[in-house]
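Trainee: Sequence and predicted model, in that order:
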Amino acid sequence: MTMTEQEQAAARMLELSRRTQMGDRETVIPEPFPAEIAPGVFWLGSCLRGNSPKGEVHTGVWTYLVIGTDKTLMYETGLPQSWEILEPVIEQVLGGRALDYIVPSHPEYPHSGNLPNLLDKYPGAVAIGDMRDYPLHYPDYADRMVETPAGEVVDLGGGYQVRLLEAVLRDMTNTVWAYEISQQVLFVSDGFAYLHRPDYVITGEEDLDVDQHLPGQCGLISGVGDTFPSLEDILHYCSMAFYWSRYRDDSDRNFDRLQDLLAENPTRILAPSHGNVTLDLDRVVPLAREAHRKAYIRTPVEAKASA
Amino acid sequence: MSDTPYELVEGRIYALTGSIPLDGTASWAPVEEGRSQSLTCWLLKEGDQHMVVDTGVRALWPHISAQLATIVPPGSSLKIFMTRPEPDAVGNLAVIREVYSMEDTDVLAGGNDTPFDFFETAASSRGSRKSSGATPGVLRTTGFDLSPDRPIRVIVPKLRFLPSYWPYDITTKTLFTSDVFTHVSQKTGDPLPIVESPEPPDADEVARHLFSKFWWLPGATTREFVDDLRGIFDRLQPEIVAPAYGGVLKGRAVIEAHLETMLEVLEGSERGDYGQPAVLDAAYVR
């Protein structure tokens, strides 16, 4: 069935309402969003798209909403330049309810930049987590920041409970991970991140049996269908965004610690802030461990010993 | 805190500065009872041209704006260079835009637009008003001239946390080191420290400040940082080191003494003198 001009115009309006333009970079809300990745747990956010000589590069900047029967909680705040397109999606998920808790994972702008917008929109909301730095950055809201230590559990009602955790993989020291107990969702901020790189632009000649995160797979769950990050995807992001990983040969130490954390917080769904949501932990955790190991820049002597 | 800027180089460089207590408020600094840390944006002036290196934390905006206004009246044109895409460096960009006359090409940073640096995201954070929806651009540069007699070059240090760029003011031989060389604190209530005595700093003090932010340095391979820092300082021979946090180092002998201690700390990191990062074991339970 062909669309009428009116239908086409309406579709275009909808499309435009999910995009912002910033020079030659735009932010777009991926088609599947908001995605309910578990009952009461929603995945939303926007994809920052830019160009490189090789093609389009995508960076997903995600945020998550947990809807309890009594309270609601948002992990991460999303890109500030996406606020206008993100706001209606947040409203849609909340369905007329207020937002009660905001957990910005750390003070970098892609993670906390919408804190003032959210605190203005939801006057009853408070920001929780490791609140060091935030009163310096957002002094007008200092009285709505509640220092909440790792291990503390926030009860949202209806069985939904979110435990704040130390971040095993991080850049800033005051990074916070979180775990929703009833649905077993682990929110890992910059951990397990990856993006679409231009050398993965579909040419029609790829071997689709090889794991790659391809254009068009923003917002799709990894491990379902053909979509899954490759070792190179995670390695690339890790060595760029976790600059320290080039200088620290401690992948095993960190991932042993992660295994301890997973044992204490049995996880069904891994929810990163840049890579796609992943269900297959048995596959992605060893992959990320290896990526972190490879990120370390070895001297020729170390490389020989390692081999 | 004073509403008069400190004149670091006569008629050419001013400190727009305030301080925070070292009581755990900031994650990037250690706790030191009774002591504070200066947070400074640097105003470069050349004739009627003005540029601010970083914009400071929002909590200090009343002081920064008052000090800035004494040199650059509101409504005047102003350029801004961002050393890092972090809120302590960029936090007042949006409110400065509301007060001063700025074109899109007046906001600068080093490097290239990559998916990892988020300078544009930082520049689009909101000011005192609701977001306008417009997203300003950030001009990437390796160097620029404030005037024909005032060239500024952008140094890309290997020792960094997030993407970092250090402007170097060739005329005044001033290197703006952003979040490195931040170890000179002050007794609470004292003004911005200016170190002019060539005594070496205490290595543990340097380490405490450096590792508060660069938590991953203990146990890391640091030889690249040592070689790179030595190369930068050998090449530039700066006479002033002006960080965004902490006191100023003034004079070649002073800078050499502090550089040597910094290099010792970095070498000690690789040797294991400082163990492994406590942060991975203790998280943010302090």
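Mentor: Yep, that arrived. None of these values were measured; they are calculated from a predicted model.
Trainee: Any chance you could list what contacts the strand or helix carrying residue B:205?
Mentor: Element membership for residue B:205, per DSSP states H and E: helix B:203-213. Identification of contacts with helix B:203-213 by C-beta atoms under 8 Å, 6 or more residues apart in numbering or on different chains yields A:173, B:27-30, B:161, B:179-180, B:182-183, B:185, B:217-218, B:246, B:258, B:261-262, B:264-265, B:268-269, B:274, B:277. For every residue, glycine as well, the C-beta is placed using N, CA and C.
Trainee: now those residues: which count as buried?
Mentor: Among the contacts of helix B:203-213, the ones that count as buried by 16 or more other C-beta atoms under 10 Å in any protein chain shown are A:173, B:27-30, B:161, B:179-180, B:182-183, B:185, B:217-218, B:246, B:258, B:261-262, B:264-265, B:268-269, B:274, B:277.
Trainee: List the ones among these that fall in helices.
Mentor: The helices in this structure, assigned by DSSP state H, contain B:258, B:261-262, B:264-265, B:268-269 from the buried ones among the contacts of helix B:203-213.
Trainee: in the chain, which segments are predicted with low confidence?
Mentor: In the absence of a named chain, this looks at chain A. Within chain A, the stretches with pLDDT under 70 are A:1-3, A:7-25, A:52-54, A:197-215, A:223-227, A:299-304, A:306-307.
Trainee: nope, chain B please
Mentor: In chain B, residues with pLDDT under 70: B:115, B:127-136, B:278-286.
Trainee: Contact residues of the stretch 201-307 of chain A facing chain B?
Mentor: Neighbours of chain B within the stretch 201-307 of chain A, by C-beta under 8 Å from any C-beta of the partner chain: A:237, A:240-241, A:243-244, A:247-250, A:253-254, A:257, A:296-297.
Trainee: Make TSV from those residues and add secondary structure and distance to residue A:66 to it.
Mentor: Shown next, in TSV, are these (DSSP: H, G, I helix; E, B strand; the rest coil; distance: C-beta to C-beta, whole Å):
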residue	secondary structure	distance to residue A:66
A:237	helix	25
A:240	helix	30
A:241	helix	25
A:243	helix	31
A:244	helix	30
A:247	coil	36
A:248	coil	33
A:249	coil	36
A:250	coil	32
A:253	helix	31
A:254	helix	26
A:257	helix	25
A:296	coil	35
A:297	coil	39
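Trainee: Mind listing the residues bridging to the residue of chain A found nearest chain B?
Mentor: When scored by C-beta to the nearest C-beta, chain A has residue A:166 as its residue closest to chain B, at 2.9 Å. When assigned by DSSP bridges, residue A:166 has beta-bridge partners residue A:176.
Trainee: residue nearest the centroid of chain A?
Mentor: Central residue of chain A (C-alpha atoms, centre = their mean): residue A:273, 1.1 Å from the mean position.
Trainee: Just want the phi and psi numbers for it.
Mentor: phi -90, psi -10 (degrees, to the nearest 10).
Trainee: you'd agree it is up against residue A:77?
Mentor: No: Residue A:273 is not in contact with residue A:77 according to C-beta atoms under 8 Å; the separation is 10.2 Å.
Trainee: Now do the shared contacts for the two.
Mentor: Listed as contacting both residue A:273 and residue A:77 by C-beta under 8 Å, 6+ apart are A:63, A:111.
Trainee: separation between the nearest residue to residue A:191 once chain neighbours are set aside and residue A:251?
Mentor: Nearest non-adjacent residue to residue A:191, counting by C-beta to C-beta, 6 or more residues apart in numbering or on different chains: residue A:169, 3.8 Å away. Note on residue A:169: its distance to residue A:251, by C-beta to C-beta, to the nearest Å, is 10 Å.
Trainee: Identify the contacts common to the two.
Mentor: residue A:292.
Trainee: Mind checking which of the two has more residues around it?
Mentor: residue A:169 (24 against 20; other C-beta atoms under 10 Å in any protein chain shown).
Trainee: Output the set of residues of the stretch 101-250 of chain B in proximity to chain A.
Mentor: Contact residues (C-beta under 8 Å from any C-beta) of the stretch 101-250 of chain B with chain A: B:113-116, B:118, B:120-122, B:124-126, B:130-131, B:133, B:135, B:137, B:160-162, B:212-213, B:215-216, B:219-222, B:224.
Trainee: if we go to 7 Å?
Mentor: Proximity of the stretch 101-250 of chain B to chain A, by C-beta under 7 Å from any C-beta of the partner chain, involves residues B:113, B:115-116, B:118, B:120-122, B:124-126, B:131, B:133, B:135, B:137, B:160-162, B:215-216, B:219-221.
Trainee: hmm, which of these are the buried ones?
Mentor: Neighbour-count burial (16+ other C-beta under 10 Å) applied to those gives B:113, B:115-116, B:118, B:120-122, B:124-126, B:131, B:135, B:137, B:160-162, B:215-216, B:219-221.
Trainee: Now, those that are in helices?
Mentor: Within these, residues falling in helices by DSSP H are B:120-122.
Trainee: Which residues in stretch A:90-103 does the neighbour count mark as buried?
Mentor: Judged by neighbour count using 16+ other C-beta under 10 Å, the buried positions of stretch A:90-103 are A:90, A:93-94, A:99-103.
Trainee: What about chain B: which of those residues touch it?
Mentor: Of those, not one also sits near chain B (C-beta under 7 Å from any C-beta).
Trainee: can you give me the helices for the stretch 101-250 of chain A?
Mentor: Using DSSP state H, counting those that start in this stretch, the helices of the stretch 101-250 of chain A run over A:109-112, A:115-121, A:134-137, A:231-241.
Trainee: can you pull the buried residues of the last one?
Mentor: Buried positions in helix A:231-241, judged by neighbour count with 16+ other C-beta under 10 Å: A:232-241.
Trainee: same thing with stretch A:158-178?
Mentor: In terms of neighbour count (16+ other C-beta under 10 Å), stretch A:158-178 has its buried residues at A:160-178.
Trainee: Can you check my assumption that residue A:291 lies in a helix?
Mentor: Yes: Residue A:291 forms part of a helix when assessed by DSSP: H, G, I helix; E, B strand; the rest coil.
Trainee: Provide a list of residues in contact with the residue lying closest to residue B:174 once chain neighbours are set aside.
Mentor: Closest residue to residue B:174 apart from its sequence neighbours, by C-beta to C-beta, 6+ apart: residue B:240 at 4.2 Å. By C-beta atoms under 7 Å, 6 or more residues apart in numbering or on different chains, residue B:240 lies in contact with B:8, B:172-174, B:248, B:250.
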